[in-house]
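Trainee: From the sequence below, what's the structure:
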Amino acid sequence: MLSDKGTVLIIEDSVSSAEMAMDLLQDAGFDAWHASDVTQGLDYARHHHPALVLMDMFLPFKSGMDTIPVFKNDPELHDIPLIAFTALGLEEERNQLLKQGCDGVITKPIDVAHFAESVENYLRHSTGVAHTISEAKAAAVPNTQSQDAQNALKETIAKLSHDVQGPVRKIHQFCDIMRSSASSDLSQENREWVDRIDRNAQDLLDTLSQNMARLKSL
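Mentor: This is a model prediction of the structure:
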């Protein structure tokens, strides 16, 4: 079932960046779909007409810059808000992307605390060029290096948390298998060890989830 907020298509060849963006958007109530190149992205957009497209500018085979006019000149796609998802952060670079036809720009590294809100802000103001919350804050703060460092730290912590969760969930699943499989003739001592490992894995998952919630509120 589609969420009330709609689907965001992320065209991004970096799997880690795409997964982090998808996690943040899904936590905020969006559906998110990932395409690793322009061909996949255009195919998905034409068949499913997402509410908004986030597109990296440096993609394999065909760059995002070259793809902007493809979206904007296609009668099936031109009404979809197209947001550049890029490390190009200078004012003149952002202005160039807007002149090329993008409806907005979200810069990388991802501002974990405001990323989903920025996407929603662009979607809400899709009839014109909207300034994201993170951009407005950056404009108000003269020392952008400090803000960039803080954003980079948030992204690093979020990525580490995301990377750890996968293996920990595998441990959790393995413990369930050990208890329920045909090999459940574990000794009492071994069963207690499995239960202890399982509890520790669950505690770690809970801690990671709580820390991510705190990180988003910063």
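Trainee: Phe71 and Leu59, how far apart?
Mentor: In this structure, Phe71 lies at 13 Å from Leu59, with Cβ to Cβ, to the nearest Å as the measure. Every C-beta, even on glycine, is put in place using the N, C-alpha and C of the backbone.
Trainee: So for these two, which residue has more residues nearby?
Mentor: For Phe71 versus Leu59, neighbours defined as other Cβ atoms under 10 Å are more numerous around Phe71 (25 against 22).
Trainee: Could you verify my assumption that that one touches Ile80?
Mentor: Yes - here Phe71 reaches Ile80: they are 7.0 Å apart, a contact under Cβ atoms under 8 Å.
Trainee: Could you pull out the residues contacting both of the two?
Mentor: Listed contacts common to Phe71 and Ile80 are Ala45, Val53; contacts here mean Cβ atoms under 8 Å, 6 or more residues apart in numbering.
Trainee: Could I get the average pLDDT for stretch 5-24?
Mentor: Mean pLDDT, computed over stretch 5-24, is 92.
Trainee: Check which residues of that stretch are buried.
Mentor: For stretch 5-24, the buried set under the neighbour-count rule, 16 or more other Cβ atoms under 10 Å, comprises 5, 7-13, 17-24.
Trainee: again with stretch 46-59
Mentor: Applying a neighbour-count criterion of 16+ other Cβ under 10 Å, one finds Pro50, Ala51, Leu52, Val53, Leu54, Met55, Asp56, Met57, Leu59 buried in stretch 46-59.
Trainee: Next, give phi and psi for the spatially most central residue of the chain.
Mentor: In the chain, the centroid-proximal residue (Cα atoms, centre = their mean) is Ala21; its distance is 0.2 Å. Backbone torsions of Ala21, given as degrees, to the nearest 10, read phi -60, psi -40.
Trainee: you'd agree it is up against Leu54?
Mentor: Yes - under the criterion of Cβ under 8 Å, Ala21 makes contact with Leu54 at 6.8 Å.
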